[in-house]
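Visitor: structure for this input, please:
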Amino acid sequence: MKLRKAFRVGLVGVAHNHVWHILDMLQESGLGVLVAASVEEKPALETRRKKLREKYGLEKIYNDYREMLNRENLDVIFNYTDHIQRAEVTELAASKGLHIMVEKPMAYNLKDAERMLKATEENGVKLMVNWPTMWSPVYRKAYKLIWSGSIGRVFHIRARSGHSGPKKETLADFYDFQWMGLKEAGGAYMDFCCYGVAFAMSLMGMPKCVFGTAGNFVKSFIPGYDNGILVLMYEKGTAIVEGTWSQVGRVPGDPQVFGTEGSIIIGREELIIFTENKPEGEVVKPDPLPEGERNAVEYFLTRIREDKPINGMCNPKFSRDVQEVLEAGLISSESGKAVKIPIIG
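Guide: From the prediction side, this is the model:
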């Protein structure tokens with residue numbers, strides 16, 4: 001690909017609300033320009049089509065992503081379709097030599113994640129899975145401390161993510177919950193447990209087995225899960241991951257990491273490290289993120305320009321492994337039994 005001064009970006013879908021942060025980052029980066037989008041013409045998406053026109057000044061909005069990919073001269077695709085369409089969009093974009101970024105989690109299921117990985121590898125294009133925690137200075141500082149051995153060997157992690165979820169009276173106006181609320185899309189389990197699984201695996205690797213449970217306990221008006229829990233089991237450790245769409249209030253769910261020589265709590269603006277010498281804890285402020293890694297768009301487009309690999313949690317092979325653990329948790333939830341990793345059959 002001949003690199004342009006600014007990458008020509010096409011947007012496929014606006015199914016995930018994180019897309020607006022991504023488009024704002026694109027405008028601020030100066031590294032690329034949004035030239036076209038494809039958004040299905042359906043009542044639930046009309047306000048989002050209008051927002052693309054009015055806020056982002058976009059004139060070219062297609063109804064079919066295939067038409068957009070065939071007609072537009074693009075370099076990069078932001079694939080923000082729902083999980084169910086994500087693999088087929090990625091395959092077509094990759095076949096046209098386009099680099100692709102998708103939102104967490106990587107796919108609808110493990111099979112689709114592997115389809116996406118295969119398509120991008122075979123066509124020599126980059127695929128990035130955006131995990132928003134990658135752009136948190138506090139998380140980056142925590143990783144640096146943990147990987148340097150400041151709390152010894154990690155043997156346990158607790159991570160909870162969530163919010164109050166959809167409301168019955170506004171569900172018709174919030175497209176994200178309409179598709180994510182389907183059982184096959186994973187609901188709150190897939191939406192929020194993915195964060196904790198990725199975090200745990202980035203520190204402890206692939207678990208040997210998983211026990212999961214997911215159910216609908218509060219939001220009876222959606223067909224999918226409004227809560228989920230996974231236990232990741234290792235040879236010498238565990239991780240407990242929770243996700244919810246039914247939590248009332250902003251209850252702190254700061255991730256906690258326990259090591260043989262200390263513990264860490266990761267807050268929004270700072271972290272606390274506990275050691276034998278400082279049992280009450282010491283507040284640690286994070287360092288600013290380096291240029292080129294300050295947000296998802298800057299990182300992705302810089303990696304393309306410099307022809308460098310996508311690293312860390314955003315690496316598609318890592319995200320494929322996260323997908324396998326999530327899927328194992330759903331299998332476990334259905335069977336009531338722990339599921340070994342890798343999944344067989």
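
Visitor: make it CA atoms for all contacts and neighbour counts henceforth
Guide: OK.

Visitor: His16 sits in which helix or strand?
Guide: Following DSSP states H and E, one finds His16 outside all helices and strands.

Visitor: Gln323 in helix, strand or coil?
Guide: The three-state label for Gln323, taken from DSSP: H, G, I helix; E, B strand; the rest coil, comes out as helix.

Visitor: repeat for the one 10 residues further on
Guide: Each residue gets one of three states, and Ser333 gets helix by three-state DSSP.

Visitor: now do the contacts for the residue nearest to it when sequence neighbours are not counted.
Guide: Take Ser333 and drop its neighbours on the chain: the residue closest to it by C-alpha to C-alpha, 6 or more residues apart in numbering is Thr213, 4.2 Å away. The contact partners of Thr213, taken as C-alpha atoms under 8 Å, 6 or more residues apart in numbering, are Gly228, Ile229, Leu230, Gly329, Leu330, Ser332, Ser333, Glu334, Gly336.

Visitor: out of those residues, which is nearest to Lys50?
Guide: Distance ranking of those against Lys50, using C-alpha to C-alpha, places Gly228 first at 34.6 Å.

Visitor: residues contacting Asp75?
Guide: For Asp75, the contact set (C-alpha under 8 Å, 6+ apart) comprises Phe7, Arg8, Val9, Gly10, Gly97, Leu98, His99.

Visitor: hang on, Gly281 packs against Ile272?
Guide: Yes - distance between Gly281 and Ile272: 5.8 Å, which falls inside the contact criterion (C-alpha atoms under 8 Å).

Visitor: can you give me the strands for the stretch 1-150 of the chain?
Guide: Using DSSP state E, counting those that start in this stretch, the strands found in the stretch 1-150 of the chain span residues 7-12, 32-38, 61-62, 76-79, 99-103, 127-130.

Visitor: low-confidence stretches in the chain?
Guide: 1-4, 345 (pLDDT under 70).

Visitor: what's near enough to touch the most centrally placed residue in the chain?
Guide: Averaging the C-alpha coordinates of the chain gives a centre point, and the residue nearest to it by C-alpha atoms, centre = their mean is Lys104 (1.9 Å). With contact set as C-alpha under 8 Å, 6+ apart, Lys104 has these partners: Val129, Asn130, Trp131, Cys194.

Visitor: which one of those residues is nearest to Gly30?
Guide: Distances from Gly30 to these, taken as C-alpha to C-alpha, are shortest for Asn130 (19.2 Å).

Visitor: so what sits opposite that closest one in the bridge?
Guide: Applying DSSP bridges to Asn130 yields these beta-bridge partners: Glu103.

Visitor: how near is it to Arg86?
Guide: Taking C-alpha to C-alpha, to the nearest Å as the measure, Asn130 and Arg86 are separated by 14 Å.

Visitor: which of those two has more neighbours?
Guide: Here Asn130 and Arg86 are compared on neighbour count by other C-alpha atoms under 10 Å; more neighbours surround Asn130, at 25 against 22.

Visitor: contacting residues around that one?
Guide: When contacts are counted by C-alpha under 8 Å, 6+ apart, Asn130 is found next to Met101, Val102, Glu103, Lys104, Ala296, Cys314.

Visitor: distance of the first one relative to Leu92?
Guide: Noted for Met101: a distance of 14 Å to Leu92, by C-alpha to C-alpha.

Visitor: of those two, who's got more company?
Guide: Met101 (25 against 18).

Visitor: I'd say that one and Phe78 touch.
Guide: Yes - using C-alpha under 8 Å, Met101 is in contact with Phe78, at 5.0 Å.

Visitor: Glu184: which of the contacts of Asn130 is nearest?
Guide: The nearest member of the contacts of Asn130 to Glu184, counting by C-alpha to C-alpha, is Lys104 at 16.2 Å.

Visitor: need phi/psi at that closest one.
Guide: Lys104 has phi and psi values of phi -70, psi 160 when expressed as degrees, to the nearest 10.
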